[in-house]
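S.K.: Mind folding the following:
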Amino acid sequence: MWARYEPPDSVASMGSVSALAGLREFGRSRRTLITVLGSLATAAVLAFVLAGRRHEFATALSDVAAWLLALTVLLQIVALLARSEAWHLSIQAAGGTVDRRVLYRASSMGVLGSVLNAQLGVAARIAALRRSSPAVSPQVPTLIAAEFPILAVEATLAALTSFTMVGPLGLPWWLPLICLAVIGTASAGLRHLALGKGRELWKGLAVLRSLRGGTGVVAFVLVAVFAQIFRNWLLLHAVGVNASFFDAIAVLIGLVTLGQLPVGPSVGAAAAVLILGSDGVAAAAAAGVLMTVTGTIGGLCFAGWAGADQLWLRSRGATAGTLIRRRHL
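M.R.: Alright, predicted model coming up:
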């Protein structure tokens, strides 16, 4: 038998595809290790940058009032609840009949996962919902697609305000225009796919088919985003950084962008130093640390409510079952 001849370009192409597949598989199987290494590397870089500024860093942290920290935790909880409600609207439009309480409990699991990695948070949220309500929640492909309308709104807001990154990072003035064009095209494509039917994936985009559903998602995402921006602005001023509202927006964009990388809990400090380090590295890092701490505490409060609610429902069900058995005796 003659061996089939493969053109050099075809062989190179197959090799590239194989290499990409190998890298993807390595990333999936070593996700925890990569996250740990990335977190340690980021922490090491921040420690190097803060070398000789420990006193300034400690002073900036100690100057923040307790009531302000409590307020920023509350703002984080508001943001989490608003985003959870946007997710509820998206899943409801996709045909899910999950009770709001159950969905909020599943959403809280995603909050804990996102402390390490944004993708891990999405996976944890979807897994928790499918495990708790497999009969009334959509299939996994639909749940994945149900994230896209929310992400599209967040990406559009980021593109509209990306001009805030031009000054701090020295980016070309025309880059925000390109970002806006790309995000606008992608959003239009999502709207076109939402009109398609017959696939589980497209069902997750169903909220985009109606003006009421789409408006509701946009409204709740806006609440979540502005709560986080206001939280950033408060913490930046609390540590002595004379930041504008636009600076707080730029820090949020940087935080979300870096959150896609395996940098772990150091993402807040890294984003703040990257955007506002020129105004004082120690103060910016302190604000970033407080963003991470208050955000984590807000997430833990949300998860704590979810756990307490689950236990309360179980005890209520056990009490009802005991009463029923006594009546039959």
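S.K.: same question for stretch 220-227, mean pLDDT?
M.R.: What stretch 220-227 shows for mean pLDDT is 96.
S.K.: Report the buried residues of it.
M.R.: Buried residues in stretch 220-227, counted by 16 or more other CB atoms under 10 Å: F220, V221, V223, A224, V225, F226, A227. Every C-beta, even on glycine, is put in place using the N, C-alpha and C of the backbone.
S.K.: The first one: what's its closest spatial neighbour, skipping adjacent residues?
M.R.: Leaving aside its chain neighbours, F220 sits nearest to A86 (3.9 Å; criterion: CB to CB, 6 or more residues apart in numbering).
S.K.: okay, now the one you found: neighbour count?
M.R.: If you count neighbours by other CB atoms under 10 Å, A86 ends up with 25.
S.K.: Please name the residues that touch the residue nearest the centre of the chain.
M.R.: Centroid-nearest residue in the chain: A118, 5.1 Å away (criterion: CA atoms, centre = their mean). Neighbour list for A118: V256, G259, Q260 [criterion: CB atoms under 8 Å, 6 or more residues apart in numbering].
S.K.: repeat for L37
M.R.: When contacts are counted by CB under 8 Å, 6+ apart, L37 touches P262.
S.K.: For the stretch 151-300 of the chain, which segments are assigned as strands?
M.R.: Using DSSP state E, counting those that start in this stretch, no strands are found in the stretch 151-300 of the chain.
S.K.: In it, where is pLDDT below threshold?
M.R.: The model of the stretch 151-300 of the chain has pLDDT under 70 over residues 194-202.
S.K.: Please repeat the previous calculation with a cut-off of 90.
M.R.: Low-confidence segments of the stretch 151-300 of the chain, defined by pLDDT under 90, span residues 151-152, 167-171, 173, 184-214, 256-270, 277-280.
S.K.: what ranges do the helices span in it?
M.R.: According to DSSP state H, counting those that start in this stretch, the stretch 151-300 of the chain carries its helices in the segments 166-169, 175-194, 200-203, 211-238, 245-259, 267-276, 281-328.
S.K.: Just send the buried residues of stretch 220-227 back as CSV, with distance to T292 too.
M.R.: Below are the buried residues of stretch 220-227 laid out as CSV (distance: CB to CB, whole Å):
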residue, distance to T292
F220, 24
V221, 22
V223, 22
A224, 17
V225, 18
F226, 20
A227, 16
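S.K.: re earlier: quick check on the contacts of A118: which are buried?
M.R.: Among the contacts of A118, those classed as buried by neighbour count (16+ other CB under 10 Å) are V256, G259.
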